[in-house]
Every structure is written in C-alpha cells, then in structure tokens.
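1. Okay, sequence plus prediction incoming.
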Amino acid sequence: MKKLFVFLGLILFVSISTYLYFLKKPDEKLVVSMDKDGMDVVVVDKAKEKKMGSWIEKPDTKSTTLKDVSGGEGSATAYILRMDGTLSHLVKAKLPKLEEGLAYEGWLVKKEPTLEFFSTGAMEYKDGVYVLEYIDKESDQIGFDEVVITLETIVDETPEEHILEGIIK
C-alpha cells in the first residue's frame, strides 16, 4: 500500500512539475518579431517562426515590398525561394480588416511569353496583419515573379480587384 502511495505521489509530482515548467515559460512558445521592412510587430508561434524563418533567411531568398494599387494605404512584404524543385512563398500584409464574406487572395504571375497566373490561397488575419504562406514541393514555378494580392468576393481561380502588387527580382 505504501508503494502505491509513493508511486502515485511520484506521478503527481512529475505531472505538476511538467505543467509548471510550461506555465512558467510562456516566452518559449511566443516570440515577438518584426519583418525586415519594420512593418508590424507580430506575436507568433516560435516553432512556426523557426520553420518560416529557416527559408526566409537563406541567401537565395528574394523579397520585395508590395505597393497599394487601389488608392488605399496597404503595404506588404513578399518573399520567395526556389530551391530543389520547391517554391516557398510568404506574404505579410498590413491591410484594412475585411467585412464578412470578403477575402484577400494571393497570386503569382508570369507575364512573358504569355500571361499566366495561379492562386497561392486566401490570406489569414493573425495578430493585426494578413499572412499568406504557400509551399509547392513539386514545382518551383520559374518566371512567376510578380506578386498580386486581390480583394475577393469568392476565393477561386479568377482574380478580382487588385489591391497590392510588386515584382520580386
């Protein structure tokens, strides 16, 4: 009986210690970061930041600032890396909060020799900024160097109103 109480006490001690360890260190799960253009301070999951940061910081990663072409005051930073047949693309945008039923959608565009484009998905609103992360492990999509963010009533394969644009060189 005494061994059972010791065993249960040990389990309780380990459980409480583990809980307090993770409770005591919230800094380990969150990191405050600012993109290199000094846009917004964003609180993100440290594991995700490390994952995204691992390719963003590579020497072959290219970036550009997207300009508002709609007459508004939006702005964004777009990153792209083509490596080993994989396309990694990230956009962090400061844009007005959307009404229900609308979305910001990302696009990569190639203008030569003929116009081609594809959707990189809808942006997500996180901690005051819109974020889009797109990874295609089967194609590096050579030549798709123009980044466009549109305002959409329906997220589909047809771009609607252009909001932000920029070319990654």
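-> Looks like it came in fine.

2. Go ahead and report the secondary structure state at Trp55.
-> Under DSSP: H, G, I helix; E, B strand; the rest coil, Trp55 falls in the helix class.

3. gap between it and Ala122?
-> Distance of Trp55 to Ala122, computed by Cβ to Cβ, to the nearest Å: 21 Å. For glycine as for every other residue, the C-beta is placed from the backbone atoms N, C-alpha and C.

4. cool, and Lys62?
-> 23 Å.

5. and if you look at Glu99?
-> Distance from Glu99 to Ala122, by Cβ to Cβ: 15 Å.

6. who's more crowded, the two?
-> Taking neighbours as other Cβ atoms under 10 Å, Glu99 and Ala122 compare with Ala122 leading, 13 against 6.

7. Break down this structure into its strands, ranges please.
-> 30-34, 41-45, 62-68, 75-83, 86-94, 103-110, 116-122, 124-126, 129-136, 146-152, 161-167 (DSSP state E).

8. Is it possible to get TSV of those that adds distance to Ile11 and mean pLDDT?
-> Shown next, in TSV, are these (distance: least, Cβ to Cβ, whole Å; pLDDT from 0 to 100):
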stretch	distance to Ile11	mean pLDDT
strand 30-34	29	35
strand 41-45	29	37
strand 62-68	50	97
strand 75-83	46	95
strand 86-94	43	96
strand 103-110	48	98
strand 116-122	45	96
strand 124-126	38	95
strand 129-136	40	96
strand 146-152	52	98
strand 161-167	54	98
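
9. Same list as before, those that is, but in CSV and with distance to Lys3 included.
-> Shown next, in CSV, are those (distance: least, Cβ to Cβ, whole Å):
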stretch, distance to Lys3
strand 30-34, 42
strand 41-45, 42
strand 62-68, 62
strand 75-83, 57
strand 86-94, 55
strand 103-110, 60
strand 116-122, 57
strand 124-126, 50
strand 129-136, 52
strand 146-152, 64
strand 161-167, 67
